[in-house]
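sequence and predicted model, in that order:
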Amino acid sequence: MNDQGKILEEMNERSREVFRRVVESYLLSGAPVGSRTLTRDFSEKVSAATIRNVMQDLEYLGLLESPHISAGRVPTQTGLRMFVDGLLEVGDLQSTDREMIDATLGSNSKDVSGILDRIGSALSGVTHGASLVLAPKHEAPIKHIEFVSLAQDRALVVLVFADGHVENRIFTPPPGQTPSSMREAANFLNALAEGRTLSELQRVISKQIAERRQEIDKLARDLVESGLAVWDGEGDTYERLIVRGRANLLDAETEEQDLDRIRTLFDDLERKRDIAEFLELADEGEGVRIFIGSENKLFSLSGSSLVVSPYMNADRKIIGAVGVIGPTRLNYGRIVPIVDYTAQLVGKLIADRS
């Protein structure tokens, strides 16, 4: 459980209700919420002074803030995140919203670009926000791959396809990767990429990993059986071959050559595992996600939120995404089911046309 989850769990019922009502009122009106407003329809009979004390405690926890002296409180970005993760009640898709989306996308056109344009218009019209539509991922043969480090936990993969199409994808790189290791990974993949799609490239790397694994096992078997070496963490991702009593080894060139060969193979295996993870991360996605304010670097300066969901093809593979961008005080409970439904509908439409 993260820190926000612990804070929410440790709150008493009164604090939780005050926090929830402040956030819900703010999302509805966009205005600071005062203690007197809350006392009018609070679930128990409490004074405005009591409510003020609770709000001060919530402010101390970093969940609320006062935009002006003597004004009411509004939720902080941390507070909004905690509300969305722990208290948000997502409603069912409203029938009027469903009808508007269905009517906009009801065309029999096989033009995917036209479908995606109408999706953008439908989402904007229904939610009164800006829509975000990412086209289906390209599956043509790859011509060139480039990895660009954006931050410690963010990287960009640039895919140039043989038909001239260029695609950029943001992903979180494996821990400990550097710009240098990313360049090395790109060079290795570019040597294999010609004529292969991203999926085919993943299969090639997986095959090479299996071959290296077999080669290491074959070379190490005799050393382990003779008692000169032992596996540490056998079967784990980061297993090691530990050589016992190096000083007691016979001065046999064969054994030294085998050990050197195993070291080389381990290095190669680790590099290929990292590269395989790069490919998987560049190709993966998640369900409906909510980014609030600075959580998304693209919208951090504008103080906007993004609600986004991927859509899948007939093979249940993520090929694109749809979303809504709006102020941080979005009606998340209404927007989430709209985005989720639209993503499922788009996936079905594209699968039917393919």
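Structure received.

okay, now the unreliable bits of this protein?
For the chain, the stretches with pLDDT under 70 are 1-5, 69-70, 105-112, 136-139, 212-213, 215-291, 293-303, 353-354.

quick one: the strands in it, in order.
With DSSP state E as the criterion, the chain has strands at 64-65, 74-75, 130-134, 142-151, 154-161, 166-171, 229-232, 240-243, 289-292, 304-312, 318-327.

got these as CSV, with mean neighbour count and distance to Ala185 columns?
All C-beta spots, glycine's among them, are computed from the backbone N, C-alpha and C. Shown next, in CSV, are the strands of the chain (neighbours: other CB atoms under 10 Å; distance: least, CB to CB, whole Å):
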stretch, mean neighbour count, distance to Ala185
strand 64-65, 20, 43
strand 74-75, 23, 41
strand 130-134, 18, 24
strand 142-151, 16, 6
strand 154-161, 18, 10
strand 166-171, 14, 12
strand 229-232, 16, 27
strand 240-243, 14, 23
strand 289-292, 20, 26
strand 304-312, 22, 24
strand 318-327, 21, 22
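
looking at the ones you listed, which is nearest to Val46?
strand 64-65 (17.2 Å; CB to CB).

hmm, who's touching the closest one?
Under the criterion CB atoms under 8 Å, 6 or more residues apart in numbering, residues 19, 22, 55, 58-59, 73-76, 79 lie in contact with strand 64-65.

partner strands of that strand, parallel or antiparallel?
When sheet partners are counted by DSSP bridges, strand 64-65 sits next to strand 74-75 (antiparallel).

helices along the protein, start to end?
3-10, 13-29, 35-40, 48-60, 77-86, 95-104, 112-127, 179-193, 198-225, 253-283, 332-353 (DSSP state H).

what's the last one packed up against?
Spelled out, that is helix 332-353. Packing partners of helix 332-353 (3 or more CB pairs under 8 Å, 6 or more residues apart in numbering; DSSP states H and E): helix 95-104, helix 112-127, strand 304-312, strand 318-327.

how many residues are close by the closest residue in space to Leu87 that isn't next to it in sequence?
Nearest residue to Leu87, sequence neighbours excluded (CB to CB, 6 or more residues apart in numbering): Arg20, at 5.3 Å. Look at Arg20: counted by other CB atoms under 10 Å, it has 16 neighbours.

isn't Arg20 right up against Val84?
No - using CB atoms under 8 Å, Arg20 makes no contact with Val84, being 11.8 Å away.

give me the common contacts of the two.
With contacts taken as CB under 8 Å, 6+ apart, Arg20 and Val84 have no neighbour in common.

tell me which of the strands of the chain lies nearest to Ser95.
strand 318-327 (19.1 Å).

can you list the strands that that closest one pairs with?
strand 130-134 (antiparallel), strand 304-312 (antiparallel).

pull the CA atoms of the first one into PDB?
Same thing as strand 130-134. Presented in PDB, the C-alpha positions along strand 130-134 are these (Å, rounded to 0.1, in the frame of the first residue of the first chain):
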ATOM      1  CA  ALA A 130     -10.300  18.000 -25.700                       C
ATOM      2  CA  SER A 131     -10.100  14.500 -27.100                       C
ATOM      3  CA  LEU A 132      -7.000  12.500 -27.600                       C
ATOM      4  CA  VAL A 133      -6.900   9.700 -30.200                       C
ATOM      5  CA  LEU A 134      -3.900   7.600 -30.900                       C
END
